[in-house]
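Peer 1: Kindly generate the corresponding structure for this input.
(one chain, ligands or ions: 1)
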Amino acid sequence: MTPSLYRDTWAEVDLDAIEYNVKQIRERIPAHCSVIAVVKADAYGHGAVEVAESALKSGAQMLAVAILEEAITLREAGFDVPILVFGRVAPKDVAVAAEKDITLTFFQKEWLREVKRESLPGPVNLHMKWDTGMGRIGLRTEDELHQLVDELKEASNVKLTGIYTHFATADESGKDYFIMQNERFDKLLQAFRGMWEEPVAIHTGNSAASIRYPEKMHHYIRFGISMYGLYPSSTVKKEQIIDLKQSFSLHSRLIHVKRLAPGESVSYGATYTTSDYEWIGTIMIGYADGWIRKLQGIDVLIDGKRMPIVGRICMDQTMIKLDKEYPVGTKVTLIGKQRDEMIGVDEVADYLDTISYEIPCMISSRVPRTYSGK
Ligand SMILES: *Cc1c(COP(=O)(O)O)cnc(C)c1O
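Peer 2: The predicted structure follows:
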């Protein structure tokens, strides 16, 4: 399960939690609706292969990633389910996708024209992206839709298998913008039905939309952040519609413990000075691991108790003010649970004035991921 480690810092991913979270959403969405497990960015920093395995085991039917490299990694790991790439892949690289049976996203007629000229090993599966208000990628008007469909009808090396859009505000308490995006989608869909007869898979919702508006979901949902046990926003968390289990935790061990006299300082810039005799511990994690300098002052857990990081965080090491002497090797939890205390991903995100999505993503690949459960 755990590879041998030469350093005392590691992230732990609870795969039982992933399975639990997928089951929770499957109970909530309509029976005709399936789950696309979103495992882009190495599964939001959790490890794409392991998470994909757990998600599929708990009933997800498709995988989605951001870039072609991520899709190839999964295919080569042996997954044979459909894999969708959300981003734009250059026409010259479409042959690679076709060869590996990877589904691509498209939304530009120029792109289709270029792909038509490529010689592919077989037809490439495509999902068409509609921009109903996210303002990122996708076609926006019925006119563009017409042009794209005309282009599509003349292309023999592509196969349209899906249509989707993405919501900008599904996690916010105000519903107007979400409703407006849905209306635009329905209108485009109505127009599309008049020009296309073959069946296509339709999907609109991310975690927030599928949790809050399950009745609005079509054939699939795209389940990302909440598969990892995190809520898309504090609004969704407060609504308590769904129970989720956080999968990610981050740990280290004391590698040095010492008692400092009053008036001694700790770390670069001597920004922390002891006011009394104090026990100071050192752990091997720093900003090169993604434990960034702005986290100076946040608590960690030792022996089920909260203790603060003192002094500047270094590239590879961090100091903690201990409440007493602890032996070298004592476990330190930076994210996760110890007894009744918990430092959630959300707490770290709040401390940094950002969203939970960013936290496991920013823990660098130097920190080994280990897996529990399964
Ligand atoms: C990342 C992403 C998702 C997943 O969103 P969550 O909020 O993490 O559930 C869904 N769809 C697209 C297009 C995405 O880029």
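
Peer 1: tell me the domain boundaries of the protein?
Peer 2: For the chain, automatic domain parsing gives the domain ranges 15-231, 248-355.

Peer 1: now what about the strand or helix carrying residue 69, what contacts it?
Peer 2: If you go by DSSP states H and E, residue 69 is part of helix 68-76. Here helix 68-76 makes contact (C-beta atoms under 8 Å, 6 or more residues apart in numbering) with 39-42, 48-49, 52, 63, 65, 83-85, 89, 93, 96-97, 100-102. Quick note: C-beta positions are derived from backbone N, CA and C, even for glycine.

Peer 1: Distance from the following helix or strand past it to the middle of the chain?
Peer 2: Note on helix 68-76: by DSSP H and E, the next helix or strand toward the C-terminus is strand 83-85. Here the centre of strand 83-85 is set off from its chain's centre by 15 Å, with C-alpha atoms, centre = their mean, to the nearest Å.

Peer 1: Report the separation between residue 307 and residue 100.
Peer 2: Going from residue 307 to residue 100 by C-beta to C-beta, to the nearest Å gives 49 Å.

Peer 1: can you check residue 328 too?
Peer 2: 48 Å.

Peer 1: more crowded one of these two?
Peer 2: Counted by other C-beta atoms under 10 Å, residue 328 and residue 100 do not tie: residue 100 has more neighbours, with 16 against 12.

Peer 1: Indicate the residue of the stretch 201-350 of the chain located nearest to the ligand.
Peer 2: residue 224 (2.3 Å; C-beta to the nearest ligand atom).

Peer 1: so that residue makes contact with residue 38?
Peer 2: Yes: using C-beta atoms under 8 Å, residue 224 is in contact with residue 38, at 3.6 Å.

Peer 1: what is in contact with the two at once?
Peer 2: Common neighbours of residue 224 and residue 38 (C-beta under 8 Å, 6+ apart) are residue 206.

Peer 1: do you know how far the residue nearest to residue 231 when sequence neighbours are not counted is from residue 245?
Peer 2: Excluding the flanking residues, the one nearest residue 231 by C-beta to C-beta, 6 or more residues apart in numbering is residue 237, at 3.8 Å. Look at residue 237 and residue 245: by C-beta to C-beta, they are 13 Å apart.

Peer 1: quick one on the thing from earlier: so what does the residue nearest to residue 231 have for phi and psi?
Peer 2: phi -60, psi -50 (degrees, to the nearest 10).

Peer 1: likewise residue 364?
Peer 2: Torsion angles, degrees, to the nearest 10, at residue 364: phi -70, psi 170.

Peer 1: how far away is it from the ligand?
Peer 2: Counting by C-beta to the nearest ligand atom, to the nearest Å, the gap between residue 364 and the ligand amounts to 20 Å.

Peer 1: who touches the closest residue to that residue other than its chain neighbours in this structure?
Peer 2: Nearest non-adjacent residue to residue 364, counting by C-beta to C-beta, 6+ apart: residue 290, 4.4 Å away. Residue 290 makes contact with 362-364, 367, according to C-beta under 8 Å, 6+ apart.

Peer 1: If we use 6 Å, what do you get?
Peer 2: Counting by C-beta atoms under 6 Å, 6 or more residues apart in numbering, residue 290 makes contact with 362-364.

Peer 1: among those residues, who's most crowded?
Peer 2: Top of the contacts of residue 290 by neighbour count (other C-beta under 10 Å): residue 363, with 21 neighbours.

Peer 1: tell me the pLDDT at it?
Peer 2: On pLDDT, residue 363 comes in at 98.

Peer 1: pLDDT value on residue 374, please?
Peer 2: Residue 374 is assigned a predicted lDDT (pLDDT) of 67.

Peer 1: Could you look up the SS state of the residue nearest to residue 106 when sequence neighbours are not counted?
Peer 2: What sits nearest to residue 106 in space, not counting adjacent residues and going by C-beta to C-beta, 6+ apart, is residue 126, at 5.2 Å. Under DSSP: H, G, I helix; E, B strand; the rest coil, the three-state class of residue 126 is strand.

Peer 1: can you count the residues close to residue 126?
Peer 2: 26.

Peer 1: do the same with residue 232
Peer 2: 23.

Peer 1: tell me the contacts of it?
Peer 2: Here residue 232 is in contact with 171, 207-208, 225 (C-beta under 6 Å, 6+ apart).

Peer 1: What distance do you get for it to residue 201?
Peer 2: In terms of C-beta to C-beta, residue 232 sits 23 Å off from residue 201.

Peer 1: Local confidence estimate at the closest residue to residue 131 other than its chain neighbours?
Peer 2: Nearest-residue entry for residue 131: residue 138, 3.1 Å, with adjacent residues in sequence omitted and distances by C-beta to C-beta, 6+ apart. Note on residue 138: pLDDT of 98.

Peer 1: Same question for residue 6.
Peer 2: 87.

Peer 1: So it versus residue 331, what's the distance?
Peer 2: Distance from residue 6 to residue 331, by C-beta to C-beta: 17 Å.

Peer 1: Could you do residue 214 as well?
Peer 2: For residue 214, the distance to residue 331 - C-beta to C-beta - is 40 Å.

Peer 1: Please identify which of the two sits among more neighbours.
Peer 2: Neighbour count, other C-beta under 10 Å: between residue 214 and residue 331, residue 214 has more, with 18 against 14.

Peer 1: what number of residues lie near residue 370?
Peer 2: Neighbours of residue 370 (other C-beta under 10 Å): 17.

Peer 1: Could you do residue 277 as well?
Peer 2: There are 10 residues near residue 277, going by other C-beta under 10 Å.
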